[in-house]
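> Here's a sequence, model it:
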Amino acid sequence: MKKYTPYIFPLIVIVIVFFLVYRWYSLRTQRSPMPSESANGLQIEELSQDQINTVLRGSQDVNTSKLEPAVSEGKPPQGRGSIRYVIADGKVHFSVAADLPASETAYRVWVRTPNANDVTQAFMLEVGKGGYMGSASIPESKLPVEIIVTTASDKAEVVKSVILKGSIAAPQASATPSASPAMEGSN
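Numbering: from 1, shown residues only. This is a model prediction of the structure:
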């Protein structure tokens, strides 16, 4: 037994290291888009890290919409923020960045389509370098949508406790070129 003792500790360390590497790899690969449950058919998916970087880094294709503070009686407006989004492959990849006061309860982002009174939770904002941030993806066919930031965790309380709100508009259909009125009158 004494001749095997020096090999037992290194063997245990190697087994633990392999287990931790396997666990890390399996958790990392499980971050595939997970649709959220929704009563109104709005399917929200998480973004991959590459998609998040594309939306946050910005390019010519990234659109921006402002998050406006909600006006409530007796309370001063809290925070400010913006929505950055890219429409690609039939999906709208969007990211919310907000400068909000520290809160003991989590800030949640909800999505509401204009045709439905129902809201769907998209994600919870996480503290980052530039404030609170979060990202998700929705089908392009659901545009336009309203983005709501609140601390409410229950659907029934969302509309009553809006902190910031903004919208993502439907893309404009490209118009066919036609002659201008000035050109038509000159003939």
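> do you know how far the residue nearest to the spatial centre of the chain is from Ser141?
Nearest to the mean C-alpha position of the chain, by CA atoms, centre = their mean, lies Ser135 at 2.2 Å. Distance, Ser135 to Ser141, by CB to CB, to the nearest Å: 20 Å. All C-beta spots, glycine's among them, are computed from the backbone N, C-alpha and C.
> unless I'm mixing things up, the residue nearest to the centre of the chain is touching Ala97, no?
No: if you go by CB atoms under 8 Å, Ser135 and Ala97 don't touch, sitting 9.6 Å apart.
> ok, which stretches of the chain are helices?
In the chain, the segments counted as helices under DSSP state H are 5-29, 49-57, 155-158, 181-185.
> And for Thr29, the neighbour number?
For Thr29, the neighbour count with other CB atoms under 10 Å is 8.
> Flag the shaky bits of this structure, pLDDT-wise.
Scanning the chain with the threshold set as pLDDT under 70 gives 30-42, 52-61, 72-75, 173-187.
> Run through the strands of it in chain order.
Ranges of strands in the chain, per DSSP state E, are 63-69, 80-88, 91-99, 108-112, 119-124, 126-128, 131-139, 145-150, 162-168.
> what comes up buried for the fifth one?
By neighbour count with 16 or more other CB atoms under 10 Å, strand 119-124 contains the buried residues Val119, Thr120, Gln121, Ala122, Phe123.
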